[in-house]
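K.L.:
what's the 3D shape of this:
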Amino acid sequence: MLQMVTLSYLSIVVADEGHLQEAESLAREAGALVERFGLQKVPQSSWAPIALGYMLAKRGNLAEAQTELESGISTRMTLPSMSPWPTLIGLLALARVCSARGNRDGTREVLTEARTILERYPDVGIFAEHLERLERKLRARKSPKRQLDDELTERELEVLRLFDGELTTQQIAQRLYVAPSTVRTYVKSIHRKLGVSSRKEAVKQAQSTGLL
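P.N.:
Residues are numbered from 1 along each chain as shown. The predicted model follows:
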């Protein structure tokens, strides 16, 4: 079991580094161990299909990736008390696959499941940031009128939310505990990314694209 988990984990790491052929070899070797020892119904075996689905998603084999990811996540859900890491890896990869295949409802359902897990395990590293990025993309796609050239950062979103009021640059800086010059830098970046020239226009554009 340990060997299978190790191979699966290495496959995901290698896939992130762009070595997809090696990642596939590792994931399929992990899957072969699951088959050889009849571990398909053991929740820990979910590492193997998640790793394979993760690699396939990176390669662009979306249908096959979705099948593998859903299989691994389904197996893992039979034991909710297990470590959330592999489940979150699988859910976020599946969300990207559903989004790429144009399944907005499916994407939303998967992200909701991931959000539920994150609420139970708030200290799971970078997963919260990845989830927020995917949720912003989903909200932005509600409006076909405009796609953002660049995503707003979390800090820029905080500044943007304070636009919808009468706060001065100084007051925004005090709220966020930064210098006024830093706020002005954020404002310029927000205007550029949203393609606007004023705070009011920024708020309207953000509302139309689902950012606010």
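K.L.:
domain map for the chain?
P.N.:
2-140, 154-208 (automatic domain parsing).
K.L.:
reformat those as JSON lines; add mean pLDDT and mean neighbour count.
P.N.:
For every residue, glycine as well, the C-beta is placed using N, CA and C. Below are the domains of the chain laid out as JSON lines (pLDDT from 0 to 100; neighbours: other CB atoms under 10 Å):
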{"stretch": "domain 2-140", "mean pLDDT": "89", "mean neighbour count": "18"}
{"stretch": "domain 154-208", "mean pLDDT": "86", "mean neighbour count": "15"}
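K.L.:
those helices in the chain, which residues are they?
P.N.:
Secondary structure of the chain (DSSP state H): helices located at 2-16, 20-36, 47-59, 62-76, 84-100, 104-120, 127-140, 154-161, 169-176, 180-194, 199-208.
K.L.:
and the last one, what does it pack against?
P.N.:
Just to be clear, that refers to helix 199-208. Here helix 199-208 touches helix 154-161, helix 180-194, going by 3 or more CB pairs under 8 Å, 6 or more residues apart in numbering; DSSP states H and E.
K.L.:
can you rerun that using 6 Å?
P.N.:
Packing partners of helix 199-208 (3 or more CB pairs under 6 Å, 6 or more residues apart in numbering; DSSP states H and E): helix 180-194.
K.L.:
just the CA trace of stretch 15-24, in CSV.
P.N.:
Extracted in CSV, the C-alpha atoms of stretch 15-24 (Å, rounded to 0.1, in the frame of the first residue of the first chain):
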residue,chain,number,x,y,z
ALA,A,15,3.1,16.0,-13.5
ASP,A,16,3.3,19.5,-12.0
GLU,A,17,6.9,19.7,-13.2
GLY,A,18,5.7,19.0,-16.8
HIS,A,19,7.1,15.5,-17.1
LEU,A,20,3.9,13.9,-18.2
GLN,A,21,5.3,10.7,-19.7
GLU,A,22,7.1,9.9,-16.4
ALA,A,23,4.0,10.9,-14.5
GLU,A,24,1.9,8.5,-16.5
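K.L.:
got the contact list for it?
P.N.:
Under the criterion CB atoms under 6 Å, 6 or more residues apart in numbering, residues 11, 14, 54-55, 58-59 lie in contact with stretch 15-24.
K.L.:
repeat the analysis, applying 10 Å as the threshold.
P.N.:
Outside stretch 15-24, the residues within contact range by CB atoms under 10 Å, 6 or more residues apart in numbering are 10-14, 25-27, 51-52, 54-60, 93.
K.L.:
and if you look at stretch 92-111?
P.N.:
Residues from elsewhere that reach stretch 92-111 (CB under 10 Å, 6+ apart): 12, 15, 50-51, 53-58, 60-70, 72-73, 90-91, 112-114, 127, 130-135, 137-138, 141-142.
K.L.:
T6 is in contact with A27, isn't it?
P.N.:
No - the criterion here is CB atoms under 10 Å, and T6 misses it with A27 at 11.9 Å.
K.L.:
quickly list what's touching both of those two.
P.N.:
Counting by CB under 10 Å, 6+ apart, the shared contacts of T6 and A27 are W47.
K.L.:
how about Q174, what does it touch?
P.N.:
167-168, 180, 183.
K.L.:
and it, how far from I12?
P.N.:
Distance, Q174 to I12, by CB to CB, to the nearest Å: 43 Å.
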